[in-house]
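In: coords please:
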Amino acid sequence: MSNINPSDANSKKVAAGICAILLGALGVHKFILGYKTEGLIMLLVTLLTFGLGGAIMGIIGLVEGIIYLTKTDEQFLNAYIVEKKGWF
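Out: Residues are numbered from 1 along each chain as shown. From the prediction side, this is the model:
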């Protein structure tokens, strides 16, 4: 954990939170955090269902965005950067 800069984690937190709220159905916030598999799952569900699954992915993105932005910087760093918690 010594090579992780807390200010980088904070900027990722804000960027991922805002992208999750605005573009959650596309999984952009997952790619920002480095979760390629989870981001690809969200993107493919949205695209392969011709947008119908996008509503569900959008709700998931909205919830995750709110969770990201309401966690303290330390909680976010531990959960999503160090422990790599992929969902919620």
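
In: Could you list the buried residues of stretch 39-48?
Out: Gly39, Ile41, Met42, Leu43, Val45, Thr46 (16 or more other Cβ atoms under 10 Å). Quick note: C-beta positions are derived from backbone N, CA and C, even for glycine.

In: and the fifth one, what is it in contact with?
Out: When contacts are counted by Cβ atoms under 8 Å, 6 or more residues apart in numbering, Val45 touches Gly53, Gly54, Ile56, Met57.

In: again, only this time at 7 Å
Out: Neighbouring residues of Val45 by Cβ atoms under 7 Å, 6 or more residues apart in numbering: Gly53, Met57.

In: Against Lys13, how distant is it?
Out: To Lys13, Val45 is 24 Å away according to Cβ to Cβ, to the nearest Å.

In: Distance from the chain centre to stretch 28-45, please.
Out: The chain centre lies 8 Å from the centre of stretch 28-45; the measure is Cα atoms, centre = their mean, to the nearest Å.

In: how long is it from one end to the other?
Out: Using Cα to Cα, to the nearest Å, the end-to-end distance of stretch 28-45 comes to 13 Å.

In: From Pro6, how far out is the spatially closest residue to Gly61 that is not a sequence neighbour?
Out: The shortest distance from Gly61 to any non-neighbouring residue, by Cβ to Cβ, 6 or more residues apart in numbering, is to Gly24 (1.3 Å). As judged by Cβ to Cβ, Gly24 and Pro6 stand 25 Å apart.
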